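Quick one, what's the 3D model for this:
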Amino acid sequence: MVVRSSLVIASAAKQARPFNRGSALSLNSGIAPFRKEDHALGMKRSEFIQAAGIGVAGYSLFGLTSGAYASELEGEYQLNAHFVHKGPGLGKRICLTYDDGPTPGVTDKVLNELDKRDIKATFFMIGRKVKQYASLAKEVAAAGHEVANHTYTHPVLSKLSSQRVSSELDQCQKVIEDIIGSTPVWFRPPYGAFRTNQGAIPRGKHLGVAYWSVDPRDWARPGVSTIVRKITQGTRPGSIILLHDLHHQTAQATGPVLDQLLDRHFSFTPMSGFLGDPYGTYYKS
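Numbering: from 1, shown residues only. Below is the predicted model of the structure:
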């Protein structure tokens, strides 16, 4: 089967351009399919991307079709991961995500702020920290938050062999399944470092690849007010906000961020509530 070529979507330009499957993804990029039906309706590819609101590989918010096109799309699903850097934003929905935890003294404070406002988030956890701080990891899941894969040791995946990448994802999946009892369906590469030609690895494990659209660089500890300002100024409907439950500044900024975004009538949802299953029911591994 001949698989259609994909395009990398430059979010700033809102335009489609060809991509090199061996190149690294930019942090705010996604991959989007353009359906035959869309062209028949006189819709340009750039208009389709704006209407869909997200860039992904082999996935459309408008649902999967049947027949010949479904067979064609299935081939693309088998080869490409679902890359996403933002969501549809319907109803002013946004997604709050935390990387690199769990971290005692920080993650628990973040949980407290989320619980006060009955807000659910997605925590991309490092596998070895899940093992080390199992009770805290279980507390995150018990509070109703989504737990996702952030590799086992937090390496730069773009520099690793396929076997090493696969092992990092597998080890993290296993420890989360064993300790928490759930199977992640979303994965975020540490540092955002991931090559497009590595996409078949998470795809084979039924993992979507989650990037972000708002990054306050809280890991650098720029100050609570700076973290709050960058998030509140950068957030739009459909935003995926990147934070790290590593440092106290992030925990201290969480409450003010939530309050200011709630005042602007944003609604919060975890990744899976935002985008559902990365590959849908038709294309499970």
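
Please name the nearest non-neighbouring residue to residue 226.
Sequence neighbours aside, residue 216 is the residue nearest to residue 226 in space, at 7.1 Å (criterion: Cβ to Cβ, 6 or more residues apart in numbering). C-betas here are computed from N, CA, C, even on glycine.

Counting neighbours, what do you get for that neighbour?
24 (other Cβ atoms under 10 Å).

same question, the one 10 residues further on
Using other Cβ under 10 Å, residue 226 is surrounded by 16 other residues.

Residue 192 now?
By other Cβ under 10 Å, the residues close to residue 192 number 20.

ok, it touching residue 211?
Yes - Residue 192 is within contact range of residue 211, at 6.2 Å (criterion: Cβ atoms under 8 Å).

Could you export the helix of greatest length in the chain as CSV, CA atoms only?
When the chain is parsed with DSSP state H, its longest helix is helix 162-180. Listed next in CSV are the C-alpha coordinates belonging to helix 162-180 (Å, rounded to 0.1, in the frame of the first residue of the first chain):
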residue,chain,number,x,y,z
SER,A,162,15.3,2.6,18.2
GLN,A,163,15.9,-0.3,20.6
ARG,A,164,16.8,2.1,23.4
VAL,A,165,13.8,4.3,22.7
SER,A,166,11.5,1.3,22.7
SER,A,167,13.0,0.1,26.0
GLU,A,168,12.5,3.5,27.7
LEU,A,169,8.8,3.6,26.7
ASP,A,170,8.2,-0.1,27.7
GLN,A,171,9.9,0.3,31.1
CYS,A,172,7.8,3.4,31.9
GLN,A,173,4.6,1.7,30.7
LYS,A,174,5.3,-1.3,32.8
VAL,A,175,6.0,0.5,36.0
ILE,A,176,2.9,2.7,35.7
GLU,A,177,0.8,-0.4,35.0
ASP,A,178,2.3,-2.3,37.9
ILE,A,179,2.1,0.4,40.5
ILE,A,180,-0.9,2.5,39.4
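
Sketch out the low-pLDDT regions of the stretch 51-200 of the chain for me.
For the stretch 51-200 of the chain, the stretches flagged by pLDDT under 70 are 51-80.

Break down it into its helices, ranges please.
Using DSSP state H, counting those that start in this stretch, the helices found in the stretch 51-200 of the chain span residues 68-79, 107-116, 127-132, 134-142, 162-180, 200-204.

To residue 255, which of these lies closest?
The closest of the helices of the stretch 51-200 of the chain to residue 255 is helix 107-116. By Cβ to Cβ, the value is 4.5 Å.

Need the contact partners of the closest one.
Contact with helix 107-116 is made by 98, 101, 120-121, 123, 136, 139-140, 143, 145, 245, 248, 250-252, 254-255, 258, as judged by Cβ atoms under 8 Å, 6 or more residues apart in numbering.
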